[in-house]
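>>> Kindly generate the corresponding structure for this input.
(one chain, ligands or ions: 1)
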Amino acid sequence: MKILTAQGDVLEQGGGLMLIGMFQHENFREAFIGRVNDRTKDRVEKTAKHIAFEGKVGQTLLIPGGDALDVDFVLVVGLGKQADLHLDTIRNATGAAIQIARQYGLGSVVAELLGEDIETYDPLLHAKAMTEAALLASYAFTNYKDEKPHQKLVSLTLVIEDANDVQAAKKGIELAETIIDGVTVARDLVNTPGQDMTPKRLAAAATEIAKLSAGAVTVKILGRKECEKRKMGAYLAVAQGSHEEPQFIHLSYKPEKRAKKRIALIGKGVTFDSGGLSIKPSSGMETMKCDMAGGAAVLGTFATLARLRPEVEIHGIIAATENMPSDTAIRPGDIVRASNGMSIEILNTDAEGRLTLADALHYAAQQKPEVMIDLATLTGACVVALGEEISAAMSTNDELRAQILSAANRSGENMWPMPLEKNYAMLMESDIADLRNISTSRYGGSLTAGLFLKNFVPEEIPWVHLDIAGPAFAERPIGKYLGKGATGYGVRTLVEYIRGI
Ligand SMILES: [Zn+2]
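Residues are numbered from 1 along each chain as shown. So this is what the prediction gives:
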């Protein structure tokens with residue numbers, strides 16, 4: 001979909017659907033009537049009265065165009081109180097317009113740049129938010145459909161009142177296009193079934209990203225033999241049940257100028273998780289192609305770097321493997337040794353993500369980063385705690401965690417802090433090895449998983465662990481701009497964080 005700009009009054013524009021926003025305030029009715037009614041001969045006012053439209057967040061009013069308005073339909077969306085306007089309200093309003101335009105088979109949307117009259121108005125950020133939502137809402141994964149649905153909606157035009165703001169808005173659009181291209185890379189990778197999205201295929205995607213980067217991104221792939229040499233016993237234990245060769249992916253991006261910071265992004269890359277011999281029930285396995293969503297978020301982020309060119313050195317690390325049951329699979333009770341020298345008693349082969357991450361985190365630390373961020377669809381317990389739309393952020397460093405949470409908030413990804421409670425570390429102690437891979441308690445499973453990972457991160461490197469098991473894959477639409485399936489969760493937050501360094 002093309003995102004265009006126009007300057008002037010949105011009411012003068014023509015097209016399929018017109019989007020206008022209304023704030024909720026004391027003189028709402030007068031403001032509303034003053035704005036739209038003289039052009040629509042009472043029609044809008046009557047309809048608004050009928051459904052008690054008063055501009056609350058998320059309220060919508062859809063009316064046919066015609067009369068003096070040169071559009072098929074007008075969608076009025078409530079933006080709530082001016083002082084409370086969040087960028088995500090703007091995203092949801094835009095998403096609602098895109099959804100309706102698609103439903104009605106309309107070819108174009110014209111929208112005013114929402115929130116132009118608020119105090120914190122920033123044409124770049126507002127245009128960025130609207131573009132993000134429009135592109136995310138118009139995503140469709142059709143690779144396996146014989147009949148591709150015809151996408152009628154081809155353009156969104158953002159109409160900007162003040163001529164001085166047009167350039168900034170254009171910059172916001174361009175930035176959003178780059179970021180959402182990265183999100184789309186992640187969504188496509190996650191939506192592709194496990195039969196096709198093997199570790200080899202994930203490695204090929206990394207190679208492709210490097211190839212398209214014109215030298216900005218380089219990639220190194222380690223196979224089973226090389227991982228054996230590096231003594232990645234925890235990761236290889238997960239891989240040993242599958243005939244698909246594990247692929248340890250290491251992407252690097254180096255800026256032309258001196259890097260302001262060196263960071264490592266580590267993504268869980270279990271391309272299909274059956275649970276291994278501790279096999280999952282069949283319903284629990286249905287969406288397990290999404291168990292590489294952390295890795296996909298890292299790849300999606302790298303896909304944006306050639307265009308964004310941040311002054312940050314970035315390492316992307318994904319220990320990709322399948323987790324399958326077979327006569328070569330790891331058994332519950334087996335003890336393996338990770339590359340940092342720690343022995344791990346594997347009591348449940350379905351707690352495999354942390355095993356792959358153990359070696360991935362240790363490898364990442366050897367690149368001497370100043371910050372480590374891992375993303376993993378790690379625990380069902382996290383979904384129990386925070387629901388399907390919110391990820392958990394656990395960290396050894398309050399400042400870093402605050403930076404990540406703030407980046408998530410700005411980018412519209414929902415995230416909440418959770419503790420690395422040291423009193424719980426004893427729940428991961430094994431009688432006969434250094435660690436066990438599942439807790440001795442039924443409770444607090446996402447925290448004990450985080451504590452397990454902490455053993456593989458040097459104390460001096462600030463680290464944040466993001467458990468994205470909830471929001472990585474939507475079993476029902478999230479808000480108004482993310483449909484079912486892979487969400488590409490994490491890319492927007494990571495890019496926002498990197499841009500802020
Ligand atoms: Zn698992």
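
>>> CA atoms for contacts and neighbours, from now on please.
Will do.

>>> I figured residue 433 hits residue 344, correct?
Yes: in this structure, residue 433 sits in contact with residue 344. The criterion is Cα atoms under 8 Å, and the distance is 5.7 Å.

>>> residues from the stretch 1-150 of the chain in reach of the ion?
Within reach of the ion by Cα under 5 Å from the ion, the stretch 1-150 of the chain has no residues at all.

>>> next one: the stretch 251-400 of the chain
275, 350-351.

>>> Sketch out the strands for the stretch 351-500 of the chain, chain order is fine.
Per DSSP state E, counting those that start in this stretch, the stretch 351-500 of the chain carries strands over the ranges 371-376, 391-395, 415-417, 435-436, 463-467, 473-474, 485-486.

>>> can you list those strands in JSON lines and add mean neighbour count and mean pLDDT?
Output for those, formatted as JSON lines (neighbours: other Cα atoms under 10 Å; pLDDT from 0 to 100):
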{"stretch": "strand 371-376", "mean neighbour count": "25", "mean pLDDT": "98"}
{"stretch": "strand 391-395", "mean neighbour count": "26", "mean pLDDT": "98"}
{"stretch": "strand 415-417", "mean neighbour count": "18", "mean pLDDT": "98"}
{"stretch": "strand 435-436", "mean neighbour count": "22", "mean pLDDT": "98"}
{"stretch": "strand 463-467", "mean neighbour count": "26", "mean pLDDT": "98"}
{"stretch": "strand 473-474", "mean neighbour count": "24", "mean pLDDT": "97"}
{"stretch": "strand 485-486", "mean neighbour count": "24", "mean pLDDT": "98"}
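
>>> Which one, of the ones you listed, ends up nearest to residue 144?
Closest to residue 144 of those is strand 485-486 (Cα to Cα; 14.0 Å).

>>> Give the partner strands of that closest one in its sheet and their orientations.
Sheet partners assigned to strand 485-486 using DSSP bridges are listed as strand 473-474 (antiparallel).

>>> Within the sheet, what are the partner strands of the helix or strand containing residue 6, with directions?
Counting by DSSP states H and E, the element that carries residue 6 is strand 2-7. When pairs are called by DSSP bridges, strand 2-7 turns out to pair with strand 155-160 (parallel).

>>> now the partner strand, how far from the chain's geometric center?
For strand 155-160, the distance between its averaged C-alpha position and the chain's averaged C-alpha position is 25 Å (Cα atoms, centre = their mean, to the nearest Å).

>>> so which residue of the stretch 151-300 of the chain comes closest to the ion?
Residue nearest to the ion within the stretch 151-300 of the chain (Cα to the ion): residue 275, separated by 4.8 Å.

>>> List the residues that contact that residue.
Contacts for residue 275 (Cα atoms under 8 Å, 6 or more residues apart in numbering) come out as 323-325, 349-352.

>>> please redo it, this time with the cut-off set to 6 Å
Residue 275 makes contacts with residue 350, as judged by Cα atoms under 6 Å, 6 or more residues apart in numbering.

>>> Mind listing the residues bridging to residue 66?
Listed beta-bridge partners, residue 66: residue 69 (assigned using DSSP bridges).

>>> number of nearby residues for it?
A count of neighbours around residue 66, defined by other Cα atoms under 10 Å, yields 13.

>>> Between residue 433 and residue 344, point out the one with more neighbours.
When residue 433 and residue 344 are compared on other Cα under 10 Å, the one with more neighbours turns out to be residue 344, at 24 against 15.

>>> Now name the helix or strand holding that one.
Counting by DSSP H and E, residue 344 is found in strand 343-345.

>>> roughly how far is that strand from the heart of the chain?
Averaging C-alpha coordinates over strand 343-345 and over its chain gives two centres that are 32 Å apart (Cα atoms, centre = their mean).

>>> Then stretch 266-279?
When distances are taken as Cα atoms, centre = their mean, stretch 266-279 is centred 20 Å away from the chain's centroid.

>>> ok so, going back, I'd like the average pLDDT over the strand holding residue 6.
Strand 2-7 shows an average pLDDT of 97 in the prediction.

>>> Now tell me what touches it from outside.
155-161.

>>> Tell me how far the closest residue to the ion within the stretch 1-150 of the chain lies from residue 433.
Distance from the ion to each residue of the stretch 1-150 of the chain (Cα to the ion) is smallest for residue 141, at 25.2 Å. The gap separating residue 141 from residue 433 is 45 Å, by Cα to Cα, to the nearest Å.

>>> and if you look at residue 483?
According to Cα to Cα, residue 483 stands 44 Å off from residue 433.

>>> got the buried residues for stretch 221-238?
Of the residues in stretch 221-238, 221-222, 224, 227, 231-238 count as buried by neighbour count, 16 or more other Cα atoms under 10 Å.

>>> pLDDT averaged over that stretch - what is it?
Throughout stretch 221-238, pLDDT has a mean value of 98.

>>> coming back round to it: adding distance to residue 188, write the buried residues of stretch 221-238 out as TSV.
Output for those, formatted as TSV (distance: Cα to Cα, whole Å):
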residue	distance to residue 188
221	21
222	24
224	26
227	28
231	32
232	29
233	30
234	28
235	25
236	26
237	28
238	25
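
>>> can you give me the strands in the stretch 101-250 of the chain?
Under DSSP E, counting those that start in this stretch, the stretch 101-250 of the chain gives strands at 108-112, 155-160, 217-222, 247-253.

>>> any idea of the angle the longest one forms with strand 217-222?
With axes from the mean of the first three to the mean of the last three Cα atoms, to 10 degrees as the criterion, the two stretches strand 247-253 and strand 217-222 enclose an angle of 160 degrees.
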